[in-house]
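A.B. asks: Predicted structure and sequence below. I'll ask about it afterward.
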Amino acid sequence: MTHWITIPVILPAMLATFIVLVLRHQLPLQRVFSLAGTVLLVIAAAFLFARAAAGDIALYQLGHWAAPFGIVLVADRLATLFVLLTAVLALFVLLYAIGSGWDARGRHFHALFQFQIMGVMGAFLTGDAFNLFVFFEVLLIASYGLMIHSGGARRFRVGVQYVVFNLLGSTLFLFALGTLYAEMGTLNMADLAERIGALPAERTAGIRVASVLLIMVFALKAAILPLHFWLPAAYATAPAPVAALFAIMTKVGAYSIIRFYTLVFPPDLPVTAGLFGTWLLPAALVTVALGMIGVLAARELGRLVAYAVIGSMGMLMASLAVFTPAGISAALYYAIHSTLATAALFLLVDIVRERRGKPGVGLSESPPIAGGALVAGMFFAAAIAMTGLPPLSGFLGKLMILEATLSDPRAWWVWAVILASSLVAVVGFARAGSAVFWKCHAAPSDSDTVVNSEEARGAHERHQPPGRRPALPAVAVGGLLAMLVALTVGAGPVQRHLAATTAQLFDPAPYIATVLETPGRQIPGKEDKTAAKPGASTYSEEAH
Amino acid sequence: MELLLASAIGVLTAAGIYLVLRLRTFPVIIGTSLLTYAVNVFLFASGRLVVNEPPILRDTATSYTDPLPQALVLTAIVISFGMTAVVVMVALAAYLSSEDDHVNDQPAGLAAAENDAKGKAGP
């Protein structure tokens, strides 16, 4: 039964290698296998989610080695929540990629896609800090391939920036892990939590450095203000399904912050006290402001959505930085919402780009697009969700964040920034929507434009012959929007589950006990020592 | 030995950061490689500096060197090697497709002006 936990990691890994090795030249079969695998992944993720929702913490010991020495996968409420979110997102994104033909515009899309999912799933499920690094690298190296999928000079150039930025992030992550290991002599998260709790106050210098380095690494992934430079260009330039899948990548950073700073460095630990209030909260608020200014200043839809992602990550982090149970469950709700909303928006931008042809997605006037009413309606719904207007889930998420931050002494700042930036976002999206969908009838019809639109139609027909405009892309976007509606309607049960998730996070003792006290294989000849272990004192003797 | 190792890590990191801050892809890639060397040596040292001891824990062994950092370094080396290969390929593709190896986004006019200036300054 415990083997179920490995499915979200093993299944995409096997599928990706199978696609690369056997189905390399058969795109239809690749599509079938990739889609079938993702559907199975959703089922497995739902099963894990349902099991964790009952409150058990499932553990998988790799090679059956006992915890501090072996690597473990742990499926608790937080991990399974994100696993399910990733699986659902991947399903819709894959439907879009197949429907729009993006997967045929370069090689190995499906294999890279599955490797990316494997990395994301592994990062959520692992219970070992170094293993987290390895899964980060797996998801990054797959994302490099996806980022430059189908090529183009602009995409390669942005790809270089993206790869270099993330290489530096990985180096920083390794420095943080090295410091952590040098201080504590372990990299298992539960073991780290136990040892850091027992650390004498005068020996915490290295741990402080490690905790700050780690939060920098995760803030880089989550695109918090001074470390956000990689995001706008990368997301706006990446192929649309890839950008939509990347919506979960910033959440990996947020997840890691939640995991590390509730388990390894719990909020009442004096060593890291003040890290969130002093540094993360102001950074998050400035991120919100910057994201929304970017939304207002963007001159094309892709960058507009990319800046909206930065704003929403800032919002999420502001709620997280308060570090109360209410703050974290609001942040989790907002994370689910913003993942689905950004994915829907990126896919919509691509539909607009396809149908407009030559004018691209610049906020300029152009001839009306085919099927404009449906696309405009979906853009309207997604923009409402993203900017946090009622009635969709963005509004509820923002309401929860405002409510959660009320008790904080800096609530004035948080409220002022969030409310003002929401207004700015509404203005930005309204301007973009009216420029793209509304003013299209006002396009001048002199000969010049006619030629342009003819050319545009020519370029457009190369991708999709007229009369064969597939419905699948619209279905994928509609599915994401339906998930947003479901998240709004089911807000009560979702919030109760998230409150239970947060309660589990703030009581890490069962997690630590499950990881460290589950019996497994021991190092031969060491049974007597490890059998007598439960106190933390033997650990620190061993380490130094 | 501590001084030697610490200064090696420091010099590698400093040189790496300096090179990464250059704006052409070649120095940036060399810089990231230097940084990964620095971090590999750092990881190696995180298990304490021990000379001439086996990395194996046995009941008969009186002293040993920590084997775990060696495993971590091995993983890190493999990953950084792969990543460097990827970044070289992507950078080559970027250079060949746009005839420009700047890492940053440059306004089109500026890049042209700079190339002109280089052409005049050159032999």
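C.D. replies: Right, received. Where do you want to start? Numbers count the residues shown, from 1 in each chain, chains lettered A, B, ... in the order given.
A.B. asks: When you work out contacts or count neighbours from here on, use the C-alpha atoms and nothing else.
C.D. replies: Will do.
A.B. asks: Helices of chain B, start to end?
C.D. replies: Assigned by DSSP state H, the helices in chain B fall at B:2-20, B:25-45, B:68-98, B:108-121.
A.B. asks: Looking at those helices, spot the one closest to A:Val138.
C.D. replies: Evaluated with CA to CA, the helices of chain B place helix B:68-98 nearest to A:Val138, the distance being 9.1 Å.
A.B. asks: tell me the angle of the closest one relative to helix B:25-45?
C.D. replies: Helix B:68-98 and helix B:25-45 meet at an angle of 170 degrees, taking axes from the mean of the first three to the mean of the last three CA atoms, to 10 degrees as the criterion.
A.B. asks: Quick check, central residue of the chain?
C.D. replies: The chain I'm using is chain A. What sits nearest the mean C-alpha location of chain A, by CA atoms, centre = their mean, is A:Ile248, with 2.2 Å.
A.B. asks: Wait, chain B was what I had in mind.
C.D. replies: By CA atoms, centre = their mean, chain B has its centre lying nearest to B:Ser33, at 2.1 Å.
A.B. asks: Which helix or which strand is home to A:Phe18?
C.D. replies: Here A:Phe18 is covered by helix A:7-21, with elements defined by DSSP states H and E.
A.B. asks: winner for burial among the helices of chain B?
C.D. replies: Neighbour counts (mean count of other CA atoms under 10 Å in any protein chain shown) averaged over each of the helices of chain B peak at helix B:25-45, with a mean of 23.
A.B. asks: quick one: contacts of that helix?
C.D. replies: A:164, A:167-168, A:171, A:174-175, A:178, A:182, B:5, B:8-10, B:12-13, B:15-22, B:69-70, B:72-73, B:76-77, B:80, B:84, B:87-88, B:91, B:101-103 (CA atoms under 8 Å, 6 or more residues apart in numbering or on different chains).
A.B. asks: What mean pLDDT does it get?
C.D. replies: Throughout helix B:25-45, pLDDT has a mean value of 92.
A.B. asks: now stretch A:236-248
C.D. replies: When pLDDT is averaged over stretch A:236-248, the result is 90.
A.B. asks: for stretch A:159-178, same thing?
C.D. replies: Mean predicted lDDT for stretch A:159-178 stands at 91.
A.B. asks: Can you point out the buried residues in it?
C.D. replies: For stretch A:159-178, burial by neighbour count (16 or more other CA atoms under 10 Å in any protein chain shown) applies to A:159-178.
A.B. asks: what about that stretch, distance to the chain center?
C.D. replies: 18 Å (CA atoms, centre = their mean, to the nearest Å).
A.B. asks: That one and chain B, any residue contact?
C.D. replies: Yes - with CA under 8 Å from any CA of the partner chain as the criterion, chain B is reached by stretch A:159-178 at A:159-161, A:163-164, A:167-168, A:171, A:174-175, A:178.
A.B. asks: residue of the stretch 201-350 of chain A with the smallest distance to chain B?
C.D. replies: A:Ala233 (9.7 Å; CA to the nearest CA).
A.B. asks: who in the stretch 151-300 of chain A is up against chain B?
C.D. replies: Residues of the stretch 151-300 of chain A lying close to chain B (CA under 8 Å from any CA) are A:152-154, A:156-157, A:159-161, A:163-164, A:167-168, A:171, A:174-175, A:178-179, A:181-182, A:185.
A.B. asks: Tell me where the stretch 401-544 of chain A has helices.
C.D. replies: For the stretch 401-544 of chain A, applying DSSP state H, counting those that start in this stretch gives helices covering A:411-433, A:447-463, A:472-489, A:491-505, A:509-517, A:527-531, A:537-543.
A.B. asks: returning to that earlier point: in TSV, list the helices of chain B along with distance to A:Arg299.
C.D. replies: Converted to TSV, these look like this (distance: least, CA to CA, whole Å):
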stretch	distance to A:Arg299
helix B:2-20	30
helix B:25-45	28
helix B:68-98	23
helix B:108-121	18
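A.B. asks: Got the phi and psi for the residue lying farthest from the centre of chain B?
C.D. replies: Distance to the chain centre peaks in chain B at B:Thr60, reaching 39.4 Å (criterion: CA atoms, centre = their mean). The phi/psi pair for B:Thr60 (degrees, to the nearest 10) reads phi -80, psi -20.
A.B. asks: do the same with the one 4 residues further on
C.D. replies: The phi and psi values for B:Tyr64, taken as degrees, to the nearest 10, are phi -150, psi 160.
A.B. asks: Likewise for A:Leu73?
C.D. replies: With angles defined as degrees, to the nearest 10, A:Leu73 sits at phi -110, psi 140.
A.B. asks: so it makes contact with A:Ile5?
C.D. replies: Yes - the pair A:Leu73 / A:Ile5 is scored as a contact, 7.2 Å apart, by CA atoms under 8 Å.
A.B. asks: which two in the residues of stretch A:159-178 next to chain B are spaced the farthest apart?
C.D. replies: A:Gly159 and A:Gly178 (28.3 Å).
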